[in-house]
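**Student:** Please work out how this folds:
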Amino acid sequence: MQSLPARVYEVDKSELEELKRVLSYDPYLDTSLIPPDIKGHVDKEKLTPEQIKEIEERDRKVAEAHKMLENSPKGKYIFARQEYQLKDGSSLGLKNEISYLYLNAPDDFLKGAEERFKNEFKTIKRASKEDEEKVIKEIKEEEEKANAGFGSIFGS
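**Tutor:** The predicted structure follows:
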């Protein structure tokens, strides 16, 4: 299995809450953009004309929302669907006022993500090579410890 490229970015803690919001947001799950399914498992022959019209209107709104998202950076570069972690700089022995974003994703996603960062954040930037290596090493060590722990739980 080929591993994806991992990158590390640093962001000032003043923007951390907004970054967390952006990282966890999936517009395709946002019911204010895409209305929830109203038809469920209903026999179409038992629907009233008003119900059919309501379902058709919902389907039209969903199609419009999907088209809008397909052409939007917020619809193309969804961090919630990628592997990422946020690390506090002080916990890594790095800058106290900085948090580090570890992002493991395909190259084309990373390029678009960096453009999105430039447009939405003032302080986020790619971490220095040294800091990036330290963050990645720490995350890999944590993963190895977690995998070893699961192995002992399941007897392998």
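
**Student:** Show me what counts as buried in stretch 53-67.
**Tutor:** For stretch 53-67, the neighbour count (16 or more other CB atoms under 10 Å) marks Ile55, Arg58, Ala65 as buried. C-beta here means a position set from N, CA and C on the backbone, and glycine is covered the same way.

**Student:** what does the model give the second one for pLDDT?
**Tutor:** In other words, Arg58. On pLDDT, Arg58 comes in at 88.

**Student:** thought it was touching Ile34?
**Tutor:** No. Assessed by CB atoms under 8 Å, Arg58 is found out of contact with Ile34, at 9.4 Å.

**Student:** What is the top helix by length along the chain packed up against?
**Tutor:** When the chain is parsed with DSSP state H, its longest helix is helix 129-154. On a contact count with 3 or more CB pairs under 8 Å, 6 or more residues apart in numbering; DSSP states H and E, helix 129-154 meets strand 6-12, strand 83-88, strand 98-104.

**Student:** For it, buried residues please.
**Tutor:** Those would be Asp131, Glu132, Lys134, Val135, Ile136, Glu138, Ile139, for helix 129-154 by 16+ other CB under 10 Å.

**Student:** and these as TSV, adding distance to Phe121 and pLDDT?
**Tutor:** Below are the buried residues of helix 129-154 laid out as TSV (distance: CB to CB, whole Å; pLDDT from 0 to 100):
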residue	distance to Phe121	pLDDT
Asp131	18	96
Glu132	18	96
Lys134	22	95
Val135	18	95
Ile136	21	95
Glu138	23	93
Ile139	21	93
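
**Student:** Checking my notes, Glu114 in a helix, right?
**Tutor:** Yes. Checked against DSSP: H, G, I helix; E, B strand; the rest coil, Glu114 lies within a helix.
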